Each structure stands twice: as C-alpha cells, then as structure tokens.
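J.: This is a predicted model, with the sequence first.
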Amino acid sequence: MTETLHKTPLYNTHVAFDGRMVDFAGWSLPVCFAGIIEEHVHTRTACSLFDISHMGRLRLSGRDTADLLEWLCTRNLTQAEVGRSYYTHMCNEDGGILDDMIVSRFEDDWGVVCNGSNREKIVAWIQQHGTDMDVTLRDETLTTSMIAVQGPKTIDVIEDLVAEDIASIKRYRHHTFNVMGLSLTVYRCGYTGEDGFEVVTPAMAVSMFLPMLIGKKERPHPIIRPAGLGARDTLRIEAGMPLYGHELSESVDPLTAGASWCVDLAKDFVGVEAMRRLKQVGLPRRLVGLQLDGRRIARQDHKVLCGDEEVGEITSGTLSPTLNKSIAMAYVRSDVADTGQELQVDLGRVRIRGVVVALPFYKRDGNAGESGRAKCGSTTPAL
C-alpha cells in the first residue's frame with residue numbers, strides 16, 4: 001500500500017507552475033520548474049523562491065527550556081539574545097549528529113527548525129530528555145508554511161512588496177512583522193550561498209502572499225521565480241553547505257564534519273565526552289572539497305583514492321553551473337586532506353583526478369576556494 005505524501009500549503013501553486021513533483025522525505029515537492037541549471041543561475045543573479053515547508057518547525061516554552069537546549073545542543077546558548085538565531089547540532093552520546101538545525105530565541109519561547117526527515121526523531125529526543133522538566137513542545141510544522149527567498153535582488157524586491165525595512169535585519173537574526181493583519185516571522189539566513197530570507201507564515205495565509213511574490217503562471221513576477229530541490233542542492237554544494245544524509249549523519253561527529261565553530265567543548269552536552277576524546281587524539285578523517293578534472297560528476301559513496309589506496313568517499317557532487325567545473329565534497333583521511341593534495345575518484349569504469357580545495361567553492365565576494373568553510377547552516381539545513 002502506497003503511503004500518502006504530505007502536501008505543503010504551496011502544492012497547488014507548484015502544480016500550476018508546472019513543477020515536476022517528487023517524493024522528498026515523505027513530502028510532495030518540486031524538483032524543478034524551468035530546469036535545474038536555469039533556476040540555479042537565476043538564484044545567483046536575481047531572486048528565487050523555494051518551498052521549504054517540509055522542514056520541522058518546533059516551539060519550546062517553559063521555565064527549563066533554556067537548560068534543556070543547552071544540554072542537547074553543541075552550541076553555547078547561555079547568552080542567547082532575543083532576536084538571534086544560532087546554527088547548531090544535536091548529537092547522540094557517541095557524538096554522532098542526530099540533526100543540524102537553527103535554534104532561535106524569542107521573547108517568550110524558543111524556536112527550532114530541523115530537517116524534515118529528522119523531525120519525528122528530534123521531537124522524540126527532546127521529549128525524552130525533557131521528562132520531568134518544565135518544557136512544553138509544540139510542533140507547528142503542519143500548521144505553518146515556510147519559504148526561502150534567495151538571491152542578490154532579494155532585498156529590493158521584498159521591501160517593495162511588504163513595505164518593511166527588512167534590510168535592517170542582520171545575518172542570523174529574525175523579526176516578526178504584521179502584514180495585512182497576519183504574523184510573519186522573517187529570518188535572514190538561507191542555504192544557497194546568497195543573501196536572502198526565510199519566512200514562516202500561518203499555513204492558510206501563504207496563498208495570500210504567493211501572487212505578490214511570484215505572480216501567476218500566465219503573468220509571472222518579472223524578477224522572482226520559483227525554484228525546486230534540484231537547484232537548491234547544486235547551490236548548497238557550491239556554497240559548501242552540508243546536507244543531512246550526505247555530509248551529516250549519526251556516524252559523523254561535528255568536528256569531523258568541519259563544524260567545530262558551532263561546538264563548545266568547554267560546556268557539558270550530550271556527546272561532549274566523545275568529542276573531547278576525539279579532539280585529544282586527533283581527527284582520523286576530514287570533510288574536504290574536491291575539484292575534479294573534466295565534466296564527469298562524482299556521486300555519493302564513490303571511492304576516493306590516493307594512488308591505489310582507498311582513503312575516503314564522496315558525500316555530494318555536481319557539475320557547478322556557476323564555476324563550470326566538476327566539484328564534490330568528500331570525507332578523506334586527514335593525512336591526505338590538505339589543500340592542493342592530488343587524489344583520484346573511482347567512478348566505476350574510470351578514475352578521474354581531483355585536487356583538494358578549500359570550502360566553500362563559491363562565495364558572493366568571488367573568493368571561492370580561497371578561504372575556510374562558510375560559517376552558515378543547512379536547513380537546512382537546517383535554514
């Protein structure tokens with residue numbers, strides 16, 4: 001018996017705009033509209049709208065909420081400010097990543113945005129550890145919608161539409177506006193490497209805003225276009241952002257995943273002892289970027305070799321529409337993880353040469369590959 005897929009509040013709009021719908025983590029979502037490359041390029045040069053309503057949206061309140069989140073999250077949240085959002089991980093006792101997420105501090109409660117595929121697991125984890133604590137958890141995933149508006153023209157077009165000073169919202173901040181009598185929470189973050197916002201609205205209200213944002217099929221918005229999962233994936237790979245199930249999993253810890261910047265080993269949290277031991281002995285493997293010869297694409301689980309010795313495996317790969325190069329992320333042994341190291345990727349019938357490069361591959365300032373990992377989340381990650 002086929003399980004019925006969840007439909008987001010934007011489902012009918014996706015169909016009307018000829019979105020090619022697929023099953024993604026139990027949700028019916030568009031993989032593309034005009035085409036992955038076209039949507040990718042439009043996001044880099046103008047402005048695209050992505051439906052991310054499948055992501056988990058949780059609200060936690062109660063006297064002990066801050067203490068509970070401090071125990072469950074790798075990030076130090078003791079000084080969390082109202083209006084701030086924080087990228088963090090929740091881990092198991094062995095240090096394996098249960099999920100990456102955005103935790104936000106509101107005036108009277110806290111918000112957690114997690115990956116849709118991990119929502120039930122994270123709800124259960126919070127409830128398990130919150131037993132006998134004054135914490136109330138509300139899962140608002142099905143009663144709200146969430147969209148991401150990303151691209152260099154985002155600020156101008158959105159301010160024209162909502163008549164609010166959203167440009168004043170700083171990176172990893174959020175603000176709640178009242179528009180047409182409805183509450184909209186706007187987060188300045190994203191998963192594409194571009195500037196933009198992620199907006200949460202009541203589920204029944206999003207249809208009121210969509211015509212303002214993307215128009216209608218017969219009369220589309222001149223700048224904002226819908227984009228699907230395909231472009232979202234190629235964009236996040238270029239930006240060096242991890243995806244749960246690829247770069248992140250319960251078999252990977254945050255340090256190995258290159259996210260030590262969101263881990264405070266000086267505080268106590270679930271999984272900290274395992275990470276302290278790992279920090280002391282050194283990382284046996286690291287997440288790296290690879291630039292590959294030619295135009296063949298490396299896929300998840302393809303083996304990475306140094307000579308004839310297997311030294312790692314690919315987690316994600318694509319032919320970058322922005323750089324016009326084959327790029328990939330991989331976990332490799334730490335002794336072959338330095339920038340400039342030459343490796344090979346086994347594609348099955350052929351091996352191709354790859355060179356370790358710094359992440360991210362692409363940055364808005366044009367210095368792709370010349371700096372360290374971008375300190376921004378996944379929506380998803382996370383957001």
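T.: Looks like it arrived, so ask away.
J.: Report how far apart the opening and closing residues of stretch 18-30 are.
T.: Start-to-end span of stretch 18-30 (Cα to Cα, to the nearest Å) is 9 Å.
J.: Any buried residues in that stretch, and which?
T.: Gly19, Met21, Phe24, Ala25, Trp27, Ser28, Leu29, Pro30 (16 or more other Cβ atoms under 10 Å). Placement of C-beta: from N, CA and C, glycine included.
J.: pLDDT averaged over that stretch - what is it?
T.: For stretch 18-30, mean pLDDT is 97.
J.: What is the distance between that stretch and the centre of its chain?
T.: Put simply, stretch 18-30 sits 18 Å off its chain's centre (Cα atoms, centre = their mean, to the nearest Å).
J.: now stretch 186-201
T.: Centroid separation between stretch 186-201 and its chain, computed with Cα atoms, centre = their mean, is 10 Å.
J.: What of stretch 238-252?
T.: Offset of stretch 238-252 from its chain centre (Cα atoms, centre = their mean): 9 Å.
J.: In the stretch 1-150 of the chain, mark out all the helices, start to finish.
T.: 11-16, 36-45, 65-72, 119-129 (DSSP state H, counting those that start in this stretch).
J.: Which one, of the ones you listed, ends up nearest to Arg299?
T.: The closest of the helices of the stretch 1-150 of the chain to Arg299 is helix 36-45. By Cβ to Cβ, the value is 15.5 Å.
J.: Now tabulate the helices of the stretch 1-150 of the chain in TSV and tack on distance to Arg59.
T.: Formatted as TSV, these follow (distance: least, Cβ to Cβ, whole Å):
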stretch	distance to Arg59
helix 11-16	24
helix 36-45	29
helix 65-72	10
helix 119-129	11
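J.: closest to Pro222 out of those helices?
T.: helix 36-45 (11.8 Å).
J.: re earlier: from the buried residues of stretch 18-30, pick the one nearest Leu69.
T.: Using Cβ to Cβ, the buried residues of stretch 18-30 come closest to Leu69 at Ala25, 24.0 Å.
J.: Count the neighbours of the closest residue to the closest one other than its chain neighbours for me.
T.: Closest residue to Ala25 apart from its sequence neighbours, by Cβ to Cβ, 6 or more residues apart in numbering: Ser117 at 4.0 Å. Residues near Ser117, counting by other Cβ atoms under 10 Å, number 17.
J.: which ones are touching Ser117?
T.: Applying Cβ atoms under 8 Å, 6 or more residues apart in numbering to Ser117 gives the contacts Ala25, Gly26, Tyr244, Gly245.
J.: next one: His302
T.: His302 touches Glu313, Ile314, Gly317, Val345, Asp346, Leu347, Gly348, counting by Cβ under 8 Å, 6+ apart.
J.: And it, how close does it get to Cys73?
T.: 33 Å (Cβ to Cβ, to the nearest Å).
J.: who does the strand or helix carrying Ile158 touch, helix- and strand-wise?
T.: Take DSSP states H and E as the rule and Ile158 turns out to sit in helix 154-162. Applying 3 or more Cβ pairs under 8 Å, 6 or more residues apart in numbering; DSSP states H and E, we find helix 154-162 packed against strand 196-202.
J.: Okay then, goodbye and thanks.
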